[in-house]
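J.: Build me a model:
(one chain, ligands or ions: 1)
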Amino acid sequence: MTPDEILKAFDNIRVWQRGDRRAPHKPLLILMALGSLARGEKPRAEFAEVEGKLGRLLEEFGPSGSNATRHFPFWHLATDGLWQLDGPAEILARPPGATPTIGELRANHVSGGFPPEIQTAFQNNPALVAEVARSVLDAHFPESIRQDVLDAVGLSLEPADAGGGDPAARRRDPTFREKVLLAYEYRCCVCGHDMRLKHQPIALEAAHIKWFQAGGPDVEQNGLALCSLHHKVFDLGAFTIRPADYVMVFSQHLVGNAEKLLSYHGASIQLPQSASYLPRAEFLDWHENQVFKRPGRDAH
Ligand SMILES: [Zn+2]
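T.: Numbering: from 1, shown residues only. This is a model prediction of the structure:
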(Lines give C-alpha, C1' and ligand atoms only; values in the text may rest on other atoms or scores of the structure.)
Protein backbone atom coordinates (compact mmCIF):
# COMPACT_ATOMS: atom_id res chain seq x y z
CA MET A 1 0.00 0.00 0.00
CA THR A 2 1.20 3.51 -0.79
CA PRO A 3 1.03 6.21 1.91
CA ASP A 4 -1.95 7.73 0.08
CA GLU A 5 -3.80 4.43 0.08
CA ILE A 6 -3.14 4.00 3.79
CA LEU A 7 -4.37 7.52 4.55
CA LYS A 8 -7.49 6.89 2.51
CA ALA A 9 -8.15 3.58 4.25
CA PHE A 10 -8.11 5.30 7.65
CA ASP A 11 -10.36 8.05 6.30
CA ASN A 12 -12.87 5.40 5.27
CA ILE A 13 -13.29 3.65 8.62
CA ARG A 14 -16.92 2.85 9.17
CA VAL A 15 -17.96 4.91 12.16
CA TRP A 16 -20.70 7.45 11.57
CA GLN A 17 -23.16 4.95 10.26
CA ARG A 18 -25.64 5.17 13.09
CA GLY A 19 -26.96 8.59 12.19
CA ASP A 20 -25.45 11.29 14.34
CA ARG A 21 -24.64 9.17 17.37
CA ARG A 22 -21.04 9.46 18.32
CA ALA A 23 -18.89 6.37 17.92
CA PRO A 24 -15.39 7.44 18.91
CA HIS A 25 -14.33 3.85 19.59
CA LYS A 26 -12.38 3.11 16.43
CA PRO A 27 -10.80 6.57 16.22
CA LEU A 28 -9.59 6.27 19.82
CA LEU A 29 -8.23 2.76 19.33
CA ILE A 30 -6.38 3.91 16.21
CA LEU A 31 -4.93 6.95 17.98
CA MET A 32 -3.95 4.86 20.96
CA ALA A 33 -2.18 2.34 18.71
CA LEU A 34 -0.43 5.15 16.82
CA GLY A 35 0.77 6.53 20.13
CA SER A 36 2.21 3.21 21.20
CA LEU A 37 3.83 2.77 17.77
CA ALA A 38 5.39 6.22 17.98
CA ARG A 39 6.89 5.25 21.34
CA GLY A 40 8.37 2.11 19.76
CA GLU A 41 6.31 -0.28 21.84
CA LYS A 42 5.60 -3.81 20.63
CA PRO A 43 3.32 -3.85 17.58
CA ARG A 44 0.79 -6.30 18.96
CA ALA A 45 -0.88 -6.39 22.34
CA GLU A 46 -3.42 -8.58 24.07
CA PHE A 47 -6.85 -7.11 24.63
CA ALA A 48 -6.37 -7.49 28.38
CA GLU A 49 -3.23 -5.33 28.21
CA VAL A 50 -4.88 -2.41 26.43
CA GLU A 51 -8.50 -2.46 27.58
CA GLY A 52 -7.81 -0.37 30.68
CA LYS A 53 -6.30 2.47 28.73
CA LEU A 54 -8.87 2.23 25.93
CA GLY A 55 -11.66 2.29 28.49
CA ARG A 56 -10.25 5.41 30.13
CA LEU A 57 -10.00 7.17 26.76
CA LEU A 58 -13.62 6.28 26.03
CA GLU A 59 -14.70 7.53 29.44
CA GLU A 60 -12.91 10.81 28.89
CA PHE A 61 -13.70 11.51 25.26
CA GLY A 62 -16.71 9.31 24.44
CA PRO A 63 -20.37 9.46 25.35
CA SER A 64 -21.36 8.34 28.84
CA GLY A 65 -21.04 4.61 29.31
CA SER A 66 -18.93 3.87 26.24
CA ASN A 67 -16.31 2.10 28.36
CA ALA A 68 -18.72 -0.86 28.42
CA THR A 69 -18.20 -1.38 24.69
CA ARG A 70 -14.42 -0.96 24.70
CA HIS A 71 -14.03 -4.38 23.03
CA PHE A 72 -16.01 -3.33 19.94
CA PRO A 73 -13.25 -1.45 18.12
CA PHE A 74 -10.68 -4.11 18.99
CA TRP A 75 -12.87 -6.60 17.14
CA HIS A 76 -14.53 -4.51 14.43
CA LEU A 77 -11.54 -2.55 13.18
CA ALA A 78 -10.33 -5.82 11.63
CA THR A 79 -13.29 -5.64 9.22
CA ASP A 80 -11.88 -2.36 7.92
CA GLY A 81 -8.63 -4.14 7.07
CA LEU A 82 -6.71 -1.88 9.44
CA TRP A 83 -6.32 -4.27 12.35
CA GLN A 84 -5.16 -7.82 12.62
CA LEU A 85 -6.30 -10.19 15.31
CA ASP A 86 -4.52 -13.25 16.63
CA GLY A 87 -6.06 -15.90 18.84
CA PRO A 88 -7.80 -19.27 18.82
CA ALA A 89 -9.29 -20.17 15.44
CA GLU A 90 -12.77 -20.73 16.89
CA ILE A 91 -12.89 -17.11 18.01
CA LEU A 92 -11.34 -15.58 14.90
CA ALA A 93 -13.63 -17.61 12.61
CA ARG A 94 -16.72 -15.85 13.95
CA PRO A 95 -18.57 -13.59 11.54
CA PRO A 96 -17.83 -9.88 12.09
CA GLY A 97 -21.22 -9.27 13.72
CA ALA A 98 -20.69 -11.97 16.38
CA THR A 99 -18.53 -9.86 18.66
CA PRO A 100 -16.89 -11.88 21.44
CA THR A 101 -17.50 -10.69 24.96
CA ILE A 102 -14.87 -8.85 26.96
CA GLY A 103 -14.40 -12.03 29.01
CA GLU A 104 -13.85 -14.16 25.90
CA LEU A 105 -11.25 -11.79 24.50
CA ARG A 106 -9.40 -11.84 27.81
CA ALA A 107 -9.64 -15.57 28.46
CA ASN A 108 -8.53 -16.50 24.94
CA HIS A 109 -5.61 -14.05 24.97
CA VAL A 110 -6.79 -12.45 21.74
CA SER A 111 -4.24 -9.92 20.58
CA GLY A 112 -4.43 -7.19 17.96
CA GLY A 113 -2.41 -4.59 16.14
CA PHE A 114 -2.00 -2.92 12.79
CA PRO A 115 -1.48 -5.44 9.95
CA PRO A 116 2.26 -5.98 9.24
CA GLU A 117 2.16 -4.10 5.94
CA ILE A 118 0.73 -0.98 7.56
CA GLN A 119 2.98 -1.36 10.60
CA THR A 120 6.03 -1.39 8.31
CA ALA A 121 4.79 1.60 6.33
CA PHE A 122 4.40 3.57 9.58
CA GLN A 123 7.83 2.56 10.83
CA ASN A 124 9.45 3.65 7.57
CA ASN A 125 7.55 6.90 7.43
CA PRO A 126 6.93 8.65 10.78
CA ALA A 127 5.31 11.58 8.96
CA LEU A 128 2.59 9.20 7.82
CA VAL A 129 1.77 8.41 11.47
CA ALA A 130 1.22 12.10 12.14
CA GLU A 131 -0.80 12.50 8.97
CA VAL A 132 -3.14 9.63 9.78
CA ALA A 133 -3.50 10.85 13.37
CA ARG A 134 -4.35 14.34 12.20
CA SER A 135 -6.91 13.11 9.74
CA VAL A 136 -8.60 10.83 12.30
CA LEU A 137 -8.63 13.63 14.89
CA ASP A 138 -10.06 16.20 12.48
CA ALA A 139 -12.79 13.86 11.37
CA HIS A 140 -13.99 12.95 14.85
CA PHE A 141 -13.19 15.62 17.43
CA PRO A 142 -13.68 19.39 17.60
CA GLU A 143 -10.60 21.52 17.52
CA SER A 144 -10.93 22.61 21.13
CA ILE A 145 -10.12 19.17 22.49
CA ARG A 146 -7.84 17.66 19.84
CA GLN A 147 -4.75 18.48 21.84
CA ASP A 148 -6.26 16.81 24.89
CA VAL A 149 -6.87 13.64 22.89
CA LEU A 150 -3.30 13.72 21.55
CA ASP A 151 -1.91 14.25 25.03
CA ALA A 152 -3.96 11.36 26.35
CA VAL A 153 -2.64 8.92 23.74
CA GLY A 154 0.85 10.40 23.82
CA LEU A 155 1.12 11.55 20.23
CA SER A 156 2.67 14.61 18.67
CA LEU A 157 1.80 15.87 15.21
CA GLU A 158 5.02 17.81 14.76
CA PRO A 159 6.56 15.84 11.86
CA ALA A 160 3.67 16.48 9.49
CA ASP A 161 3.51 20.18 10.34
CA ALA A 162 6.80 20.64 8.54
CA GLY A 163 5.11 19.69 5.30
CA GLY A 164 2.93 22.82 5.32
CA GLY A 165 -0.53 22.94 3.84
CA ASP A 166 -3.66 22.56 5.86
CA PRO A 167 -5.20 19.10 5.64
CA ALA A 168 -7.64 20.21 8.34
CA ALA A 169 -9.32 22.65 5.96
CA ARG A 170 -12.95 21.63 5.75
CA ARG A 171 -16.03 23.11 4.28
CA ARG A 172 -17.34 25.15 7.13
CA ASP A 173 -19.36 28.31 7.00
CA PRO A 174 -16.71 31.01 7.50
CA THR A 175 -19.33 33.37 8.94
CA PHE A 176 -20.35 31.00 11.75
CA ARG A 177 -18.04 32.57 14.30
CA GLU A 178 -19.16 36.13 13.61
CA LYS A 179 -22.85 35.20 13.50
CA VAL A 180 -22.69 33.43 16.85
CA LEU A 181 -20.58 36.04 18.61
CA LEU A 182 -22.92 38.78 17.41
CA ALA A 183 -25.99 36.79 18.52
CA TYR A 184 -24.50 36.75 22.04
CA GLU A 185 -23.23 40.33 21.80
CA TYR A 186 -19.59 39.22 22.02
CA ARG A 187 -19.94 37.82 25.54
CA CYS A 188 -19.41 34.37 26.97
CA CYS A 189 -22.92 33.12 27.67
CA VAL A 190 -21.73 31.44 30.86
CA CYS A 191 -19.58 34.04 32.61
CA GLY A 192 -20.02 37.21 30.56
CA HIS A 193 -16.31 37.33 29.59
CA ASP A 194 -15.95 40.06 26.96
CA MET A 195 -12.31 41.07 27.09
CA ARG A 196 -10.91 42.80 24.02
CA LEU A 197 -7.48 43.71 22.81
CA LYS A 198 -8.11 46.90 20.88
CA HIS A 199 -11.18 45.83 18.90
CA GLN A 200 -10.33 42.16 18.88
CA PRO A 201 -12.27 39.89 21.25
CA ILE A 202 -9.81 37.54 22.90
CA ALA A 203 -10.33 34.02 24.14
CA LEU A 204 -13.92 34.26 22.96
CA GLU A 205 -15.06 31.46 20.70
CA ALA A 206 -18.08 30.27 18.78
CA ALA A 207 -18.83 26.75 19.97
CA HIS A 208 -20.95 24.18 18.20
CA ILE A 209 -23.52 22.63 20.53
CA LYS A 210 -23.87 19.60 18.26
CA TRP A 211 -20.36 19.07 16.96
CA PHE A 212 -19.52 19.86 13.39
CA GLN A 213 -18.00 16.36 13.26
CA ALA A 214 -21.41 14.87 14.07
CA GLY A 215 -23.20 16.85 11.39
CA GLY A 216 -24.06 19.88 13.55
CA PRO A 217 -24.89 22.81 11.28
CA ASP A 218 -23.19 26.21 11.25
CA VAL A 219 -26.22 28.18 12.43
CA GLU A 220 -26.84 30.45 15.41
CA GLN A 221 -29.30 27.95 16.93
CA ASN A 222 -26.43 25.44 17.13
CA GLY A 223 -23.92 27.94 18.45
CA LEU A 224 -22.87 29.43 21.77
CA ALA A 225 -20.44 32.23 22.45
CA LEU A 226 -18.08 30.84 25.06
CA CYS A 227 -14.76 31.92 26.52
CA SER A 228 -11.94 29.43 25.94
CA LEU A 229 -12.31 27.85 29.35
CA HIS A 230 -16.06 27.39 29.16
CA HIS A 231 -15.81 26.20 25.56
CA LYS A 232 -13.40 23.50 26.60
CA VAL A 233 -15.38 22.28 29.60
CA PHE A 234 -18.57 22.31 27.51
CA ASP A 235 -16.96 20.19 24.76
CA LEU A 236 -15.61 17.80 27.40
CA GLY A 237 -19.09 17.39 28.87
CA ALA A 238 -18.54 18.96 32.30
CA PHE A 239 -21.87 20.74 31.92
CA THR A 240 -24.82 20.80 29.60
CA ILE A 241 -27.76 23.16 29.04
CA ARG A 242 -31.38 22.20 29.71
CA PRO A 243 -33.56 22.87 26.63
CA ALA A 244 -36.64 23.85 28.65
CA ASP A 245 -35.11 26.86 30.40
CA TYR A 246 -31.44 27.11 29.25
CA VAL A 247 -30.27 26.30 32.75
CA MET A 248 -26.75 24.91 33.12
CA VAL A 249 -26.45 21.48 34.71
CA PHE A 250 -23.02 20.37 35.86
CA SER A 251 -21.69 16.84 36.00
CA GLN A 252 -21.17 14.99 39.27
CA HIS A 253 -17.79 13.98 37.83
CA LEU A 254 -16.52 17.55 37.92
CA VAL A 255 -14.65 17.69 41.21
CA GLY A 256 -11.65 19.38 42.74
CA ASN A 257 -11.21 23.10 42.96
CA ALA A 258 -14.20 23.88 40.77
CA GLU A 259 -16.26 26.22 42.98
CA LYS A 260 -16.05 29.07 40.49
CA LEU A 261 -17.37 26.91 37.69
CA LEU A 262 -19.95 25.20 39.89
CA SER A 263 -21.37 28.56 40.94
CA TYR A 264 -23.07 28.57 37.52
CA HIS A 265 -24.88 25.30 38.25
CA GLY A 266 -28.62 25.91 38.17
CA ALA A 267 -28.28 29.35 36.55
CA SER A 268 -29.48 30.23 33.08
CA ILE A 269 -26.98 31.05 30.37
CA GLN A 270 -27.00 34.67 29.22
CA LEU A 271 -29.47 34.47 26.37
CA PRO A 272 -28.79 35.67 22.83
CA GLN A 273 -30.12 39.07 21.81
CA SER A 274 -32.95 37.63 19.70
CA ALA A 275 -35.22 34.69 20.51
CA SER A 276 -34.65 33.48 16.96
CA TYR A 277 -31.06 32.61 17.94
CA LEU A 278 -31.97 30.53 21.00
CA PRO A 279 -30.28 27.10 21.10
CA ARG A 280 -32.51 24.50 19.50
CA ALA A 281 -33.65 21.63 21.71
CA GLU A 282 -32.50 18.91 19.29
CA PHE A 283 -28.91 20.17 19.49
CA LEU A 284 -28.97 20.52 23.28
CA ASP A 285 -30.45 17.01 23.53
CA TRP A 286 -27.62 15.70 21.37
CA HIS A 287 -25.06 17.36 23.62
CA GLU A 288 -26.68 15.92 26.72
CA ASN A 289 -26.78 12.40 25.27
CA GLN A 290 -23.48 12.30 23.43
CA VAL A 291 -21.11 14.59 25.32
CA PHE A 292 -22.32 15.36 28.83
CA LYS A 293 -20.75 13.23 31.57
CA ARG A 294 -23.76 11.88 33.42
CA PRO A 295 -25.06 11.98 36.04
CA GLY A 296 -25.86 15.64 36.52
CA ARG A 297 -25.74 17.30 39.92
CA ASP A 298 -28.98 17.78 41.81
CA ALA A 299 -31.10 20.80 41.03
CA HIS A 300 -31.18 23.35 43.78
ZN1 LIG B 1 -16.87 32.02 30.16
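J.: Stretch 34-45: which residues count as buried?
T.: 34, 35, 36, 37, 38, 43, 44, 45 (16 or more other Cβ atoms under 10 Å). Bear in mind the C-beta positions are built from the backbone N, C-alpha and C, glycine included.
J.: Please list the members of the residues you listed that lie in helices.
T.: Mapping the buried residues of stretch 34-45 onto helices (DSSP state H) picks out 34, 35, 36, 37, 38.
J.: Sort out which one of the buried residues of stretch 34-45 lies nearest the ion for me.
T.: Within the buried residues of stretch 34-45, proximity to the ion (Cβ to the ion) peaks at residue 35, which comes in at 31.4 Å.
J.: State the pLDDT value of that closest one.
T.: On pLDDT, residue 35 comes in at 92.
J.: still on that earlier bit, using TSV, lay out the ones in helices among the buried residues of stretch 34-45 together with distance to the ion.
T.: Output for these, formatted as TSV (distance: Cβ to the ion, whole Å):
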residue	distance to the ion
34	33
35	31
36	36
37	38
38	35
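J.: Within range of the ion, give me the residues from the stretch 51-200 of the chain.
T.: For the stretch 51-200 of the chain, the residues in contact with the ion (Cβ under 5 Å from the ion) are 188, 190, 191, 193.
J.: what's the farthest-apart pair in those?
T.: 190 and 193 (8.1 Å; Cβ to Cβ).
J.: Pick out whichever of these two has more residues nearby.
T.: Neighbour totals were compared for residue 190 and residue 193, and residue 190 leads with 23 against 19 (other Cβ atoms under 10 Å).
J.: give me the element that one is part of.
T.: For residue 190, there is no host helix or strand (DSSP states H and E).
J.: residue contacts, the spatially closest residue to it that is not a sequence neighbour?
T.: When the adjacent residues along the chain are set aside, residue 190 lies closest to residue 230, with 4.3 Å between them (Cβ to Cβ, 6 or more residues apart in numbering). Residues near residue 230 by Cβ atoms under 8 Å, 6 or more residues apart in numbering: 188, 190, 191, 193.
J.: Buried ones in the host helix or strand of residue 132, by neighbour count?
T.: Following DSSP H and E, one finds residue 132 within helix 126-140. Residues of helix 126-140 classed as buried by neighbour count (16+ other Cβ under 10 Å): 127-140.
J.: Likewise for stretch 107-118?
T.: Buried-residue list, stretch 107-118, by 16+ other Cβ under 10 Å: 108, 110, 111, 112, 113, 114, 118.
J.: measure the last one to the ion for me?
T.: To tie it back to what came earlier, the one meant is residue 118. 43 Å (Cβ to the ion, to the nearest Å).
J.: So that residue sits against residue 82, correct?
T.: Yes. If you go by Cβ atoms under 8 Å, residue 118 and residue 82 touch, sitting 6.7 Å apart.
J.: Can you list the helices and strands that the next helix or strand after the helix holding residue 132 packs against?
T.: Later in the chain than helix 126-140, the nearest helix or strand by DSSP H and E is helix 143-153. Counting contacts by 3 or more Cβ pairs under 8 Å, 6 or more residues apart in numbering; DSSP states H and E, helix 143-153 is packed against helix 25-38, helix 47-61, helix 126-140, helix 228-235.
J.: one more time with 7 Å
T.: Other elements packing on helix 143-153 under the criterion 3 or more Cβ pairs under 7 Å, 6 or more residues apart in numbering; DSSP states H and E are helix 25-38, helix 47-61, helix 228-235.
J.: Residue 10 contacts residue 133, correct?
T.: No. With contacts counted by Cβ atoms under 7 Å, residue 10 stays clear of residue 133, the gap being 9.1 Å.
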